[in-house]
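Chemist: Attaching a predicted model along with its sequence, questions to come.
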Protein chains: 2
Amino acid sequence: MSYTELKQHIQRIADVNYAAATLAWDQETYMPQEAAEFKAGQLSTLSGISHELFTSSHTQRLIQQAKENKALSQEEQKNTLLIEEDFARQKKYSTEFVENMSKAISASFNAWQQARKESDFTIFAPYLEKLIELKKQECDILGYEAHPYNALLNLHEKKATVADLDELFADVRKELVPFVKKIQEAPQVNNHFFHQHFDKDAQWKFGIELLQQMGFDFNKGRQDVSSHPFTTSFSPNDVRVTTRINENDFAEMIWSCIHEGGHALYEQGLPAKQYGTPLGEAISLGIHESQSRLWENNVGRSLPYWKRHITLAKKYFPEQLKNTSALDFYKGANQVASSLIRTNADELTYHFHVMIRYEIEKQIFEGKLKVNELPDYWNTKYKEYLSIEVPNQAQGILQDVHWSHGSFGYFPTYSLGSFYAAQFFAQAQKENPSLLQEIEEGNTASLLKWLREKIHQHGKYYTAQELCIKITGEKLNFAHFMAYARKKFGTIYDLK
Amino acid sequence: MSYTELKQHIQRIADVNYAAATLAWDQETYMPQEAAEFKAGQLSTLSGISHELFTSSHTQRLIQQAKENKALSQEEQKNTLLIEEDFARQKKYSTEFVENMSKAISASFNAWQQARKESDFTIFAPYLEKLIELKKQECDILGYEAHPYNALLNLHEKKATVADLDELFADVRKELVPFVKKIQEAPQVNNHFFHQHFDKDAQWKFGIELLQQMGFDFNKGRQDVSSHPFTTSFSPNDVRVTTRINENDFAEMIWSCIHEGGHALYEQGLPAKQYGTPLGEAISLGIHESQSRLWENNVGRSLPYWKRHITLAKKYFPEQLKNTSALDFYKGANQVASSLIRTNADELTYHFHVMIRYEIEKQIFEGKLKVNELPDYWNTKYKEYLSIEVPNQAQGILQDVHWSHGSFGYFPTYSLGSFYAAQFFAQAQKENPSLLQEIEEGNTASLLKWLREKIHQHGKYYTAQELCIKITGEKLNFAHFMAYARKKFGTIYDLK
């Protein structure tokens, strides 16, 4: 009884949060231009109300009662503990701080949009400064050990630390950087065929078919268009993905679609009976990203996948792809080349983008980098790691929305996701040696079943690390990613 | 200071209500099939929170403080009084009653959907009975003078009374009924040209152009598709209209588009600085409907309007309309013919539908009509006023959703809206004798300016009747509608 009351209370708060998610989705998909200000106020009010309800003494009492109940199942006990943990963290924030943050974020998002449009960082800078100020306050509010940035990392990836990430990115520098160098010295593969005219409507339909084939349930979700693709969820029965379509680059839509589809399968696979409670929510951003990356790269950029799907692609674009074989398509999809935009990067140089962001964020919160120094620092690092000149701020420091949303400590989870994905996919292959054969036959149902059983259905029951050990027998190990990369790209680029 | 606090508090509650409106809009436009249940829970939570916040002792205290402030402007005093009035009404409902009503409505809505699908009123009847029982309790809770139905009328149209409506519909019977009879004895006008194939995308674009021409601001709103057209608003800067397109009936989209556009212009014209307060809200359903009807009928079904817009229609549909002149189009748009479905009715017989509903509702709350007598009574009245045999209950008593939502006292506002529209439009013409000439020139800007000044900008400052007197010098007078009808349809049908 006391647990039921707690659960209902938490689900009522989740209703408010999912309502806010609906408004945020609308903001990026359908909202008319001049609606931003009132919408921001509404979002701010909802987050304030959610915060008030969650941090109330009523919540505390319900948690206490549930904890004293000796008849709880193991799941119920876990859920109660996770709620208590979250309560303790949220309790640290004042309603005033939450509402200020929400307002600062909305203002900052609008400024970022304007700044990117005009490719002028100075438009965004004062808002970013304000946000960083608030985020520094947040580090203090939350408390941290060893490094203030740990506090922010933990918002997205429980138990992640600067120490671990430093080690991980040291591996990236030690192993991935020289490997990419070798690739770049080899003859380049051809991907020119992506850069023809691909009609928008046909691309849209092709993307929908790819989502359907993966197992995305359109009775429990939909796809729309936004300028920056994302996945959000209003319940496990209402998962929204967005995509963007570039008529002159077929690749953009394909892998953004599969990527968001991977996120969406996770959300649709969360247990509906745990709606709104920790056991009904994704573990962390890193694990979320492992699902999108696994589908995008390990499946969606594999040779078996394109042996199957080249036919579908040719159905929509017979002229453009008439001279392109499955192998050509696969190789083109895996071209490794330094590029300006993270979201368009290949799956290897991608991590250099993340590493740069990580270094920048870490130094911002160490007080070593000031806002006005960011564009130059950015450009220098892109020269260093990607050997690339940044031509303008829109394609440089302003390319990503995250900071304008107040998301610091978020970028590293992208690399974590890829590395988890490689480790999970290797395990899935070990357990099912026919996996690649199935993918070639257009059957990804058993893979999805495996992911549902091993990951999706558990919600937050395990931490990322616990889950990783439970599934693969060891904690996150960069060696799996490197082994995958060496085998795949070694073959594509014919390396010795 | 005390007023500012009250205003902010009320605006925070409005944020919750507008968030709910966003979810409700999504429900009708983009929501995937299986998302309904969680969405319903979210909507219920938001309305619960809004009700709790509004009826709290905090609200009462803020109202009291504002009332004691001697420095308030007239507007501020008015806003405070209107908030107090609303507070006093909301306070009358017990939580138990609200919950019972909400459950009864959910059950009743489902039953109505099923009943309409199977065209079987007996499926709906027990739920309707329960709902009427609760609505009778609501009459007692709210209190009333003279007639219990007045309590329900006042929820939608402040100060509306059975006495006034009886008088109004007596006029309809005395004047409109015989006039329609005369029309029906005259040779029918042709509207066959509407029933060709009109491509969906072209209709969509044509509708957008019509909205733009009216002055709908697409920076502060947008149009989407839903199965039943409606207008909703998330702020005066974010007004959403929906339309539906029938490829075999061009007329459906055109006048639903203009109708919702009229509602939307009202919402976009409400003062943004009064966002969420009574002075930032529409007066009543009747006045709202006056705006949609004025644009739909007085403007959008006028000869000058089509003298202008036939060119645009022909641009989109040159083949279909090649033999149709502006005069043909105008006449076809004004065909008067009895029909089964209220929402498809012409602008004269429309009021017979409303009158029948009004008579039924009144007698339900007088205890004179029992639920099981309704279908027969309905069919008899459709025979009497519309000379039409009702072939089944789905197209008869079950055609409208309103009762299943617990909306009684709502239908009469549809007729009030048309009659106000005629009176306002006559006044606008009196003040600007070139009005029709302007419309023929495609210029409706001065009409919109007039509506903004006379109606939109005032929010709820005046009651419907006060506003009507202020604008036209007299209260609602059915003679204006009849004069308009006689002139327009007398000419179209060449009556003596």
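Modeler: That came through, no problem. Residues are numbered from 1 along each chain as shown, chains lettered A, B, ... in the order given.

Chemist: contacts and neighbour counts: CA atoms only from here.
Modeler: OK.

Chemist: can you list the weak-confidence ranges in the stretch 1-150 of chain A?
Modeler: The stretch 1-150 of chain A contains residues with pLDDT under 70 at A:1.

Chemist: hmm, I was thinking of the stretch 151-300 of chain A
Modeler: Nowhere does the stretch 151-300 of chain A drop to pLDDT under 70.

Chemist: Now do the strands in it.
Modeler: Assigned by DSSP state E, counting those that start in this stretch, the stretch 151-300 of chain A shows strands spanning A:221-225, A:231-235, A:238-243.

Chemist: So for chain A, the centremost residue is which one?
Modeler: Chain A has residue A:289 as the residue nearest its centroid, 4.6 Å off, counting by CA atoms, centre = their mean.

Chemist: nearest spatial neighbour of that residue, skipping sequence neighbours?
Modeler: residue A:417 (4.4 Å; CA to CA, 6 or more residues apart in numbering or on different chains).

Chemist: Would you mind giving the strands of the stretch 151-300 of chain A as a markdown table with distance to residue B:408 and mean neighbour count added?
Modeler: Formatted as a markdown table, these follow (distance: least, CA to CA, whole Å; neighbours: other CA atoms under 10 Å in any protein chain shown):
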| stretch | distance to residue B:408 | mean neighbour count |
| --- | --- | --- |
| strand A:221-225 | 35 | 20 |
| strand A:231-235 | 32 | 22 |
| strand A:238-243 | 33 | 25 |
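
Chemist: hmm, the top helix by length along chain A touching chain B?
Modeler: Assignment by DSSP state H gives helix A:2-29 as the longest helix of chain A. Yes - applying CA under 8 Å from any CA of the partner chain, one finds helix A:2-29 touching chain B at A:12, A:15, A:16, A:18, A:19, A:20, A:22, A:23.

Chemist: So which elements touch that helix?
Modeler: helix A:36-54, helix A:57-68, strand A:231-235, helix B:2-29, helix B:36-54 (3 or more CA pairs under 8 Å, 6 or more residues apart in numbering or on different chains; DSSP states H and E).

Chemist: Which one of these lies nearest to residue A:163?
Modeler: Among these, strand A:231-235 comes nearest to residue A:163, with 29.8 Å by CA to CA.

Chemist: The closest one - contacts with which helices or strands?
Modeler: Counting contacts by 3+ CA pairs under 8 Å, 6+ apart, strand A:231-235 packs against helix A:2-29, strand A:238-243, helix A:250-269.

Chemist: Which residues of chain A lie near chain B?
Modeler: Counting by CA under 8 Å from any CA, chain A sits next to chain B at A:12, A:15-16, A:18-20, A:22-23, A:31-35, A:38-39, A:41-42, A:45-46, A:218-222, A:234-235, A:237-238.

Chemist: The residue lying closest to residue A:168 once chain neighbours are set aside and chain B, how far apart?
Modeler: The shortest distance from residue A:168 to any non-neighbouring residue, by CA to CA, 6+ apart, is to residue A:478 (7.3 Å). Per CA to the nearest CA, to the nearest Å, residue A:478 is found 39 Å from chain B.

Chemist: Run through the residues that contact residue A:478.
Modeler: Neighbour list for residue A:478: A:168, A:171, A:419 [criterion: CA atoms under 8 Å, 6 or more residues apart in numbering or on different chains].

Chemist: Pretty sure residue A:220 sits against residue A:268.
Modeler: Yes - with contact defined as CA atoms under 8 Å, residue A:220 reaches residue A:268; the gap is 7.4 Å.

Chemist: Filter the contacts of residue A:478 down to the ones in helices?
Modeler: A:168, A:171, A:419.

Chemist: Is there a quick PyMOL command that grabs whichever of those residues are buried?
Modeler: With 16 or more other CA atoms under 10 Å in any protein chain shown as the burial test, the buried ones among the ones in helices among the contacts of residue A:478 are selected in PyMOL as follows:
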select buried, chain A and resi 168+419
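
Chemist: for the ones in helices among the contacts of residue A:478, which one is nearest residue A:133?
Modeler: Nearest to residue A:133 among the ones in helices among the contacts of residue A:478, with distances taken as CA to CA, is residue A:168, at 28.0 Å.

Chemist: Now the longest helix of chain A: buried residues?
Modeler: Residues of helix A:2-29 classed as buried: A:2-3, A:6-7, A:9-29 (neighbour count, 16+ other CA under 10 Å).

Chemist: Over to stretch A:166-180?
Modeler: By 16+ other CA under 10 Å, the buried positions in stretch A:166-180 come out as A:168, A:169, A:172, A:173, A:176, A:177, A:179, A:180.

Chemist: go on, stretch A:195-215?
Modeler: Residues A:198, A:200, A:203, A:204, A:206, A:207, A:208, A:210, A:211, A:214, A:215 are the ones in stretch A:195-215 that count as buried (16+ other CA under 10 Å).

Chemist: Which members of those occur in helices, if any?
Modeler: Those of the buried residues of stretch A:195-215 lying in helices (DSSP H): A:200, A:203, A:204, A:206, A:207, A:208, A:210, A:211, A:214.

Chemist: count of neighbours near the residue in the stretch 351-496 of chain A that chain B sits nearest to?
Modeler: Proximity of the stretch 351-496 of chain A to chain B (CA to the nearest CA) peaks at residue A:459, 18.0 Å away. Neighbour count for residue A:459, taken as other CA atoms under 10 Å in any protein chain shown: 24.

Chemist: now swap in residue A:384 and tell me
Modeler: 12.

Chemist: Verify the contact between residue A:130 and residue A:104 for me.
Modeler: Yes - the pair residue A:130 / residue A:104 is scored as a contact, 7.4 Å apart, by CA under 8 Å.

Chemist: quick one: which of the helices and strands packed on helix A:2-29 is nearest residue B:470?
Modeler: helix B:2-29 (27.1 Å).

Chemist: quick one: which helix or strand includes the residue of chain A positioned farthest from its centre?
Modeler: Each residue of chain A has a distance to the centre, and by CA atoms, centre = their mean the biggest one is for residue A:70: 38.4 Å. Using DSSP states H and E, residue A:70 is not contained in any helix or strand.

Chemist: With residue A:301 instead?
Modeler: Counting by DSSP H and E, residue A:301 is part of no helix or strand.

Chemist: what residues are up against it?
Modeler: Residue A:301 neighbours (CA under 8 Å, 6+ apart): A:330, A:333, A:334.

Chemist: For residue A:321, report the pLDDT, please.
Modeler: Listed pLDDT for residue A:321 reads 97.

Chemist: count of neighbours near the nearest residue to it once chain neighbours are set aside?
Modeler: Distances taken as CA to CA, 6+ apart place residue A:314 nearest to residue A:321, at 5.9 Å, with adjacent residues excluded. Other residues lying near residue A:314 total 15 when counted by other CA under 10 Å.

Chemist: Just the CA atoms of the helix or strand that contains residue A:314, as CSV, please.
Modeler: When elements are assigned from DSSP H and E, residue A:314 belongs to helix A:303-316. Coordinates of each C-alpha in helix A:303-316 appear next as CSV, following Å, rounded to 0.1, in the frame of the first residue of the first chain:
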residue,chain,number,x,y,z
LEU,A,303,28.5,-5.2,-44.9
PRO,A,304,25.7,-7.7,-44.2
TYR,A,305,23.3,-4.9,-43.6
TRP,A,306,24.0,-3.3,-46.9
LYS,A,307,24.0,-6.6,-48.8
ARG,A,308,20.4,-6.7,-47.7
HIS,A,309,19.4,-3.0,-47.9
ILE,A,310,21.1,-2.0,-51.2
THR,A,311,18.0,-3.4,-53.0
LEU,A,312,15.7,-1.1,-51.0
ALA,A,313,18.0,1.9,-51.6
LYS,A,314,18.0,1.1,-55.3
LYS,A,315,14.2,0.8,-55.3
TYR,A,316,14.0,4.5,-54.2
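
Chemist: Distance from the chain centre to it, please.
Modeler: Averaging C-alpha positions (CA atoms, centre = their mean, to the nearest Å) puts helix A:303-316 26 Å from its chain's average.

Chemist: who does that helix touch, helix- and strand-wise?
Modeler: Applying 3+ CA pairs under 8 Å, 6+ apart, we find helix A:303-316 packed against helix A:200-214, helix A:326-333, helix A:435-440.

Chemist: Include distance to residue B:109 when you put these into a markdown table, please.
Modeler: Converted to a markdown table, these look like this (distance: least, CA to CA, whole Å):
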| stretch | distance to residue B:109 |
| --- | --- |
| helix A:200-214 | 32 |
| helix A:326-333 | 51 |
| helix A:435-440 | 45 |
